[in-house]
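Asker: no sequence for this one, just the structure:
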DNA sequence: TGACTTTACGCACGATCGTTCTATTTTAGG
DNA sequence: CCTAAAATAGAACGATCGTGCGTAAAGTCA
């Protein structure tokens, strides 16, 4: 646990709990009362750290984005350019939605459904992060084209769109049926995607 | 508007509003007070129709399932067996999530994210409806194999999984970026899927 | 039309919501 | 150690939540 002043530490702890709760109850479902009870603080003591519920929600999204970069994007950037890096991104991505600190599944999916028709800073931040992620995926694919791992006329944005779809489908279907089977199907879908991307 | 007793009529009207609200605010976000104000009734008068909030949520899901069958499944069953029917299912499906009575997008996506970690009758009903839909998709694909439109060794359940993923991805991505572009990408993805299903 | 059932309303309840105050405790630095 | 600052707690607010109860209005059918 990263050390800092007392306030920073508790804020960080609270955000961890808040993130977990948000995946199960949604951003709106994370009430100050429930969160306070969950971390063993008073409502007002906890509230002082965020000044408003909207700020709390923004902080949750920022925390999630930071963890996503640390757990999914950054490690993949250490892999060789091209298809290996694309595969690493996807591997880390599939592992991401199974993280212990997100018992309700990927926070971005939960927040996406909740915020998509609720204009405001929270929605703006979420949309920005997802656009960013999509362009990261497309960028990795473009590099794979440069490295001649993928064919020259590949529509990298279309590929990013389809990878995004498979991942979101995985997130849903693993909760409807057998999770292991859903993961196998998702991986099969990715392989078919990449096979097609390689073909001349 | 289907006529019936007074009670049935208002109940039906209320359910329509409730369904719309649920797509924007989630099932939990449809409070008795907001819904009553929305249809111009008193809280208690409206509440009498459903006896509990959980019953209201179940009624919303049933209403949605009935409309889904009427708007997506039934019309497609009139199309010729095989690939035409598969395509009709997908066409209707894409139109479904743009219906005016669902301003917040497909209710099943919203409810899915909300209920997936909340055991109970509502979740059970939703999971059942989605499994049902998946097997309808797989069944249509299997018929297409029988009709020799799709290749004999096609994994129809895998195909259903991937179609489901593309549709859910479309639902998300149309709200992040340009909806028309998202639809074009989704349709491209479907075509690639079917091209692969046809190939020997 | 009269009798009866269905439907809707008004009111109240305890609980919880987000938020604001003030007071108290705990931490950090000279 | 002492003190200024930071962190937490307690209590209260108006609002809204889901849900009952008793009553008035509206619909239904002989």
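Answerer: Nice, I can see it. All figures in this text were calculated on a predicted structure; none of them were measured in a lab.

Asker: can we go C-alpha only for contacts and neighbour counts from here?
Answerer: OK.

Asker: can you list the residues of chain A near DNA strand D?
Answerer: Applying Cα under 7 Å from any atom of the strand, we find that chain A lies next to DNA strand D at A:5-8, A:10-11, A:40-46, A:48-49.

Asker: which strand or helix spans the closest residue to residue A:82 other than its chain neighbours?
Answerer: Computed as Cα to Cα, 6 or more residues apart in numbering or on different chains, the closest residue to residue A:82 that is not its neighbour in sequence is residue A:144, at 3.6 Å. Per DSSP states H and E: residue A:144 is located in helix A:121-146.

Asker: indicate whether the helix or strand that that helix is followed by makes contact with chain B.
Answerer: Remark: after helix A:121-146, the chain's next helix or strand is helix A:156-176, criterion DSSP H and E. Yes. Remark: helix A:156-176 sits within contact range of chain B at A:158, A:161-162, A:164-170, A:172-173, A:175-176, by Cα under 8 Å from any Cα of the partner chain.

Asker: which of those lies closest to residue B:29?
Answerer: Taking Cα to Cα as the measure, residue A:172 is the one of the residues of helix A:156-176 next to chain B closest to residue B:29, at 21.0 Å.

Asker: circling back: buried set for the helix holding residue A:144?
Answerer: A:122-123, A:126-127, A:129-130, A:133-145 (16 or more other Cα atoms under 10 Å in any protein chain shown).

Asker: tell me the helices and strands packed up against that helix.
Answerer: Helix A:121-146 sits against helix A:53-68, helix A:83-96, helix A:107-115, helix A:156-176, helix B:156-176, with contacts defined as 3 or more Cα pairs under 8 Å, 6 or more residues apart in numbering or on different chains; DSSP states H and E.

Asker: what's the angle between it and helix A:107-115?
Answerer: Going by axes from the mean of the first three to the mean of the last three Cα atoms, to 10 degrees, helix A:121-146 is angled at 130 degrees with respect to helix A:107-115.

Asker: quick one: helix A:121-146 near DNA strand C?
Answerer: No. Helix A:121-146 lies out of reach of DNA strand C by Cα under 7 Å from any atom of the strand, never closer than 13.7 Å.

Asker: between that helix and helix A:83-96, how many degrees?
Answerer: Going by the same axes, to 10 degrees, helix A:121-146 makes 150 degrees with helix A:83-96.

Asker: mean confidence (pLDDT) on helix A:121-146, please.
Answerer: The predicted model assigns helix A:121-146 a mean pLDDT of 98.

Asker: report the angle between the axes of it and helix B:156-176?
Answerer: Using the same axes, to 10 degrees: helix A:121-146 against helix B:156-176 is 120 degrees.

Asker: between helix A:53-68 and helix A:121-146, find me the angle.
Answerer: Angle, helix A:121-146 to helix A:53-68, by the same axes, to 10 degrees: 20 degrees.

Asker: give me the angle between the helix-or-strand element of chain A with minimal mean pLDDT and helix A:107-115.
Answerer: Least confident element among the helices and strands of chain A, by mean pLDDT, DSSP states H and E: helix A:6-25 (a mean of 95). Interaxial angle of helix A:6-25 relative to helix A:107-115 (the same axes, to 10 degrees): 70 degrees.

Asker: and helix A:6-25, what does it pack onto?
Answerer: Counting contacts by 3+ Cα pairs under 8 Å, 6+ apart, helix A:6-25 is packed against helix A:32-39, helix A:53-68, helix A:107-115.
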